[in-house]
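**Q** the sequence and its predicted three-dimensional model are supplied below.
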Number of protein chains: 2
Amino acid sequence: MAEPRSDGVDVAVAAARRLVTALLRAGDGTGADMTEIAARLDAVTDGLTEKAPTVPERLAEMWRGEGVTRHDPVTGPENAVAPPLTLHGREDRSIEGVVTLDLPYQGPPGHVHGGVSALLLDHTLGVANHWAGTSGMTAELTLRYLRPTPLFEPLTVTGRQVSVDGSRIRTAGEITAGGRVCVTAEGLFVNKQLPRPS
Amino acid sequence: MAEPRSDGVDVAVAAARRLVTALLRAGDGTGADMTEIAARLDAVTDGLTEKAPTVPERLAEMWRGEGVTRHDPVTGPENAVAPPLTLHGREDRSIEGVVTLDLPYQGPPGHVHGGVSALLLDHTLGVANHWAGTSGMTAELTLRYLRPTPLFEPLTVTGRQVSVDGSRIRTAGEITAGGRVCVTAEGLFVNKQLPRPS
């Protein structure tokens, strides 16, 4: 639910994401000087590292406040590993987002990696719990793969809290492509949280 | 089981991976000019894109031969999204790898995202099937989260084929940290493959 910003680190992260895809689309054999490219990237990394806070400082900063996270590997605009999926809460208390995945998320030829679908769904179920008002940590997650999930096409990812029984939360979700269900998820979450770093 | 090479695209991908982590460790507020950094990264991306094959050509190239893949989001040395995990086959037909994860893979504060654990395990179970001689696509995957999985510490990821019954393959695996099991996975795979692009 964190929207990418048009300035600050989000802009550089979006560029890093394009770069990750471009490297994978290029592969070897383009004649590009990859050692020179590595040196240019390392120069950027070195500049950032010089100015960066320590990891404990950064962790404390990341987890400050009660807002949604901006750094996670699914929706995080500060995380180039994230596609990113942008999730929106719906009035019926469910959550939905649409994302189109490229080569970095490939499993079988031309299709989404089963583990990437699991990553998207686990996160979406967690956000659905947050949106419904009672969230927790994943205790058990079951994924069923009904048909291959395509790359390069819009995927709809949804999640909804099904029940809360004491500390046990049940949540479900799915990924659809062109209106057909590709993957379903059922999660059991427990209503506890790890302490926030300070 | 694909080892990163010391030349070619793997070198630039390793640098891109360091950059992704550095951006997330930096965040906002370092005073770095993120718009200028984005422009430098986009210049690299543009150069690569000019020389890159088309996506269908690249897909055909990626899937040529019977070797292991070099592009997947878990072990792929050509994929900066991959940590990467390097898996080795053991004599008892199981598979093992050790990986230390940084901030891009965070879920709860200071710990690995449950969906990232699912991604690592789904892939490792698939490779375990390949190593055991009968592989297929994930039909069902169940993950149990026994304790939080730490960032910044070596994690051991293992997988082993449990049984093959007709087209149904059962495979299990786990992630351990400091000898304690953090996450277990049980997978049902079906012995079919999507066609390779040509």
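**A** Structure's in. What do you need? Numbers count the residues shown, from 1 in each chain, chains lettered A, B, ... in the order given.
**Q** helices of chain A, residue ranges please.
**A** Using DSSP state H, the helices assigned to chain A run over residues A:9-26, A:34-51, A:55-62, A:114-132.
**Q** in JSON lines: those helices, plus mean neighbour count.
**A** Any C-beta I mention is one placed from the backbone N, CA and C, and that applies to glycine too. Below are these laid out as JSON lines (neighbours: other CB atoms under 10 Å in any protein chain shown):
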{"stretch": "helix A:9-26", "mean neighbour count": "24"}
{"stretch": "helix A:34-51", "mean neighbour count": "18"}
{"stretch": "helix A:55-62", "mean neighbour count": "16"}
{"stretch": "helix A:114-132", "mean neighbour count": "27"}
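**Q** ranking those by mean pLDDT, which is last?
**A** Comparing mean pLDDT across those, the lowest value falls on helix A:55-62: a mean of 92.
**Q** near chain B, anything from that helix?
**A** Yes: contact of helix A:55-62 with chain B (CB under 8 Å from any CB of the partner chain) involves A:55, A:58-59, A:61-62.
**Q** got a list of what the most centrally placed residue in chain A touches?
**A** Here the mean C-alpha position of chain A is nearest to the C-alpha of residue A:74 (CA atoms, centre = their mean), at a distance of 0.4 Å. Applying CB atoms under 8 Å, 6 or more residues apart in numbering or on different chains to residue A:74 gives the contacts A:82-85, A:119-120, A:123-124, B:113, B:115.
**Q** save those residues as TSV, and put in distance to residue A:30 too.
**A** Formatted as TSV, the entries for those read as follows, by distance: CB to CB, whole Å:
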residue	distance to residue A:30
A:82	26
A:83	24
A:84	27
A:85	30
A:119	29
A:120	30
A:123	34
A:124	36
B:113	33
B:115	32
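**Q** so which of those residues is the closest to residue B:78?
**A** Proximity of these to residue B:78 was ranked by CB to CB; the top entry is residue A:83 with 18.0 Å.
**Q** now for that closest one: which residues touch it?
**A** Counting by CB under 8 Å, 6+ apart, residue A:83 touches A:74, A:99, A:101, A:105, A:120.
**Q** can you give me the pLDDT of it?
**A** 97.
**Q** do the one 10 residues further on as well
**A** Among the per-residue scores, residue A:93 holds a pLDDT of 88.
**Q** one more: residue A:193?
**A** At residue A:193 the predicted local distance difference test score is 80.
**Q** so it sits right up against residue A:137, yeah?
**A** Yes: when contacts are counted by CB atoms under 8 Å, residue A:193 is listed as touching residue A:137 (7.0 Å).
**Q** list the contacts of the most far-flung residue of chain A relative to its centre.
**A** Taking CA atoms, centre = their mean, the residue of chain A most remote from its mean C-alpha position is residue A:31, at 32.7 Å. Each residue near residue A:31 by CB under 8 Å, 6+ apart is listed here: residue B:51.
**Q** about what we covered before: distance to residue A:91 added to the residues of helix A:55-62 next to chain B, as CSV?
**A** Converted to CSV, the residues of helix A:55-62 next to chain B look like this (distance: CB to CB, whole Å):
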residue, distance to residue A:91
A:55, 40
A:58, 36
A:59, 35
A:61, 33
A:62, 30
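**Q** can you pull the contacts of the nearest residue in space to the residue nearest to the centre of chain A that is not next to it in sequence?
**A** Among residues not flanking residue A:74 along the chain, residue A:123 sits closest, at 3.8 Å (CB to CB, 6 or more residues apart in numbering or on different chains). Residue A:123 makes contact with A:72-75, A:85, B:113, B:115 under the criterion CB under 8 Å, 6+ apart.
**Q** nearest to residue B:129 among the contacts of residue A:83?
**A** Ranked by distance to residue B:129 (CB to CB), the contacts of residue A:83 are led by residue A:105 at 20.6 Å.
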